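**Q** could you work out the structure for the sequence below:
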Amino acid sequence: MSLVVKTIRLCLALIVMSAAPALAHDGVHILSPYARSNGGLGANGAVFFTIKNHSGSAERLIGVSSDVAEKVEMHTHSETADGVMQMLAVPKGFAIDARMSHALDRGGDHIMLMGLTRALKDGDSFILTLTFEHAGVVIIKVPVDNARKSGAAGRVHSGKDHSRQDMTGVKPTE
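**A** Next comes the predicted model:
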């Protein structure tokens with residue numbers, strides 16, 4: 001192969017490689033997903049991650065599903081007037097502004113797994129299907145890490161740390 005052809009191929013490869021990161025960051029990316037559970041079959045669990053919207057348009061997570069639970073919902077925490085934290089379903093989903101991130105973390109927004117169809121043990125993983133308003137379906141593999149500490153995106157409400165939220169007794173919404 002001639003030196004000219006090699007040089008042209010090298011230049012083309014460099015152009016493609018320099019464009020690849022820009023192309024790879026279009027749409028939504030899911031960062032650092034993990035799940036926790038508080039028991040075995042029939043118990044509840046939760047999934048946490050960060051959604052990064054690389055697009056120039058606002059996005060919304062509008063649906064979640066997995067075969068590891070009878071019901072999978074988007075939830076948030078809200079403090080009642082008497083200071084009690086409660087979990088609430090968010091049927092309209094989570095908005096992610098253009099070129100911004102939205103953290104799903106303990107004590108805040110999260111994905112709730114209700115009525116586990118199998119135990120979620122450390123080291124296991126499962127598939128979670130996310131449906132976005134514009135980006136469509138994104139399928140992620142979620143590792144189970146019951147020992148993980150709450151990340152930097154953990155939330156503190158009214159001076160109370162809710163990173164160790166007890167999911168016992170959480171019932172699916174109708």
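
**Q** other residues contacting the strand or helix carrying residue 127?
**A** In this assignment (DSSP states H and E), residue 127 forms part of strand 125-132. For strand 125-132, contacts defined as Cβ atoms under 8 Å, 6 or more residues apart in numbering pick out 28, 30, 33, 35, 47, 59-68, 72, 111, 120, 137-144. In this view, the C-beta of every residue, glycine as well, is placed from N, C-alpha and C.

**Q** next step: those residues restricted to helices.
**A** Judged by DSSP state H, helices contain none of those.

**Q** and the average pLDDT for the strand holding residue 127 is what?
**A** The average pLDDT for strand 125-132 rounds to 97.

**Q** that one: partners in the sheet, and parallel or antiparallel?
**A** Next to strand 125-132 in the sheet, as set by DSSP bridges, lie strand 59-65 (antiparallel), strand 136-143 (antiparallel).

**Q** mind listing the strands for the chain?
**A** Assigned by DSSP state E, the chain shows strands spanning 28-37, 44-53, 59-65, 69-79, 85-89, 94-96, 101-104, 110-116, 125-132, 136-143, 156-157, 160-161.

**Q** redo the ones you listed as TSV? Include mean neighbour count and distance to residue 149.
**A** Listed next are the strands of the chain as TSV, based on neighbours: other Cβ atoms under 10 Å; distance: least, Cβ to Cβ, whole Å:
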stretch	mean neighbour count	distance to residue 149
strand 28-37	18	11
strand 44-53	23	11
strand 59-65	19	24
strand 69-79	18	18
strand 85-89	14	19
strand 94-96	19	23
strand 101-104	19	15
strand 110-116	23	15
strand 125-132	18	19
strand 136-143	14	15
strand 156-157	13	14
strand 160-161	12	11
